[in-house]
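K.L.:
just need the structure, nothing else, for what follows:
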Amino acid sequence: MYGGGQVFESSSVNNELLKDEDPQKLAEFEARIERGEKIEPNDWMPKLYRKQLVRMIEQHGHSEIIGALPEGTWITRAPGFKRKLALMAKVQDEVGHAQLLYGAAETLGKSREQMIEDLITGKSKYSNIFNYPTFTWADSCFISWLVDAGAIVNQLANARGSYGPYCRALDRICAEESFHLKYGHHCVIHLATGTPKQREMMQEAVNRWWAPMMHFFGPSDKMSTHTQILTKWKVKMATNDECRQQFLDMYVPKIWELGLTIPDENLKKNSESGEWEFTEPDWEEFKRVINGDGPCNKERLAVRRIAEERGAWVRRALTAKTKGEEYVAPLA
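P.N.:
Alright, predicted model coming up:
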């Protein structure tokens, strides 16, 4: 489950990486992308393309791993055996998605061990939305339906991108996410059409999660320094604002159909432009949370760190036979 770019980085860093590239190779690379060809791990690519892909795929993988935590805490408390089974399968899928994504990022030269190390030390980022608490079962239902819906909007677009291993991983992920979406929608319908208490619980969840949901697609295009070059190279196939608009277009009517309200008095569709107007998200809060000052940042990373420590003996056992051999990155 991943929304969009999550960091603010100086454009001077990107310009520095581009200035030393061979102009002929760069032109051939861009011509291949323009023709719709896929770039594969052993193909020539600009340093900035490799760097941005590693950053994006790694963040996506981390988001899948950390995103499993707020929902995972509800497996034993889900209402009924069928819900428990379905949620357990969903959480298992999300962790599997991370494995696919780490594999895709490894093809670019960064080891899985280094990615995990960067996650638990706070160097690498993941989707902000998973740094908020799931107080009730309805919070878990909101994630299963609407956070997954947002992720599908982003991932379906990027599955048509230029880097082969990432696109193939996204094809597999989107197929499973579509089942998650149906599961989450069913859970929300059940609560929204249930008893007054269930309906109240679902409305409170929407109220709590709407602001993080608007952050989910990343900073406004006006603030993002990555968007122009990433879309040119088809690393991203839609900007953060385009994904946010598509999500609003598809899911605001569905939320209203259920009789739920959205906590934004300025939310409306402009009949002339066809775009949704809404209250500008609090980007200062976004920055605080992405930099470790969210309600659950420390808890999420602590859980991940404990899991890493407890699994160390398994990794030692698996690598014992290959000790001393050179690390070989996978091809896809």
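K.L.:
tell me how many other residues surround residue 211.
P.N.:
Other residues within reach of residue 211 by the criterion other C-beta atoms under 10 Å amount to 18. To be clear about C-beta, it is placed using only N, CA and C from the backbone, and glycine gets the same treatment.
K.L.:
need the contact list for it.
P.N.:
With contacts defined as C-beta atoms under 8 Å, 6 or more residues apart in numbering, residue 211 is in contact with 263, 281, 282, 285.
K.L.:
residue 129 versus that one, what's the distance?
P.N.:
Counting by C-beta to C-beta, to the nearest Å, the gap from residue 211 to residue 129 is 10 Å.
K.L.:
longest single helix anywhere in this protein?
P.N.:
The single longest helix within the chain, with elements called by DSSP state H, is helix 164-192.
K.L.:
give me the phi and psi angles of residue 268.
P.N.:
Torsion angles at residue 268 (phi, psi; degrees, to the nearest 10) stand at phi -160, psi 160.
K.L.:
and it, how far from residue 278?
P.N.:
When C-beta to C-beta is applied, the distance between residue 268 and residue 278 equals 8 Å.
K.L.:
neighbour count for the two, which is higher?
P.N.:
When residue 268 and residue 278 are compared on other C-beta under 10 Å, the one with more neighbours turns out to be residue 278, at 19 against 11.
K.L.:
of the contacts of residue 211, keep whichever come out buried.
P.N.:
For the contacts of residue 211, a burial check counting by 16 or more other C-beta atoms under 10 Å picks out residue 281.
K.L.:
among the contacts of residue 211, which are located in helices?
P.N.:
Those of the contacts of residue 211 mapping onto helices are residue 285, per DSSP H.
K.L.:
closest to residue 69 among the contacts of residue 211?
P.N.:
residue 285 (20.6 Å; C-beta to C-beta).
K.L.:
the closest residue to residue 120 other than its chain neighbours and residue 283, how far apart?
P.N.:
Using C-beta to C-beta, 6 or more residues apart in numbering and skipping residues adjacent in sequence, the residue nearest residue 120 is residue 305, 4.6 Å away. Distance from residue 305 to residue 283, counting by C-beta to C-beta: 29 Å.
K.L.:
residue 124 now?
P.N.:
According to C-beta to C-beta, residue 124 and residue 283 sit 21 Å apart.
K.L.:
looking at those two, which one has more neighbours?
P.N.:
Under the criterion of other C-beta under 10 Å, the comparison of residue 124 against residue 283 puts residue 124 first, with 20 against 13.
K.L.:
quick check: closest non-adjacent residue to the more buried one.
P.N.:
Going by C-beta to C-beta, 6+ apart, residue 124 has residue 118 as its nearest residue, at 3.9 Å.
K.L.:
and the pLDDT at that neighbour?
P.N.:
Taken from the predicted model, the pLDDT recorded for residue 118 is 96.
K.L.:
that one touches residue 126, doesn't it?
P.N.:
No: checked against C-beta atoms under 8 Å, the pair residue 118 and residue 126 is beyond contact range at 10.7 Å.
K.L.:
which of those two has more neighbours?
P.N.:
Summary of the neighbour comparison: residue 118 and residue 126, criterion other C-beta under 10 Å, with residue 126 having more neighbours (26 against 15).
K.L.:
so what does the more buried one have for phi and psi?
P.N.:
In this entry, residue 126 is assigned phi and psi values of phi -150, psi 170 (degrees, to the nearest 10).
K.L.:
show me what contacts it?
P.N.:
Taking C-beta under 8 Å, 6+ apart as the test, what residue 126 contacts is 6, 59, 62, 63, 65, 66, 67, 119.
K.L.:
what is the neighbour count of residue 179?
P.N.:
With other C-beta under 10 Å as criterion, residue 179 counts 14.
K.L.:
show me what contacts it?
P.N.:
The neighbourhood of residue 179, defined by C-beta under 8 Å, 6+ apart, consists of residue 93.
K.L.:
relative to residue 186, how far out is it?
P.N.:
If you go by C-beta to C-beta, the gap between residue 179 and residue 186 works out to 11 Å.
K.L.:
also residue 88?
P.N.:
The gap separating residue 88 from residue 186 is 16 Å, by C-beta to C-beta.
K.L.:
before we move on, what about residue 265?
P.N.:
Taken as C-beta to C-beta, the span from residue 265 to residue 186 is 30 Å.
K.L.:
those two - which one has more neighbours?
P.N.:
Legend: neighbour count by other C-beta under 10 Å for residue 265 and residue 186, higher for residue 186 (14 against 9).
K.L.:
which pLDDT value goes with the more buried one?
P.N.:
The predicted structure scores residue 186 at 97 on the pLDDT scale.
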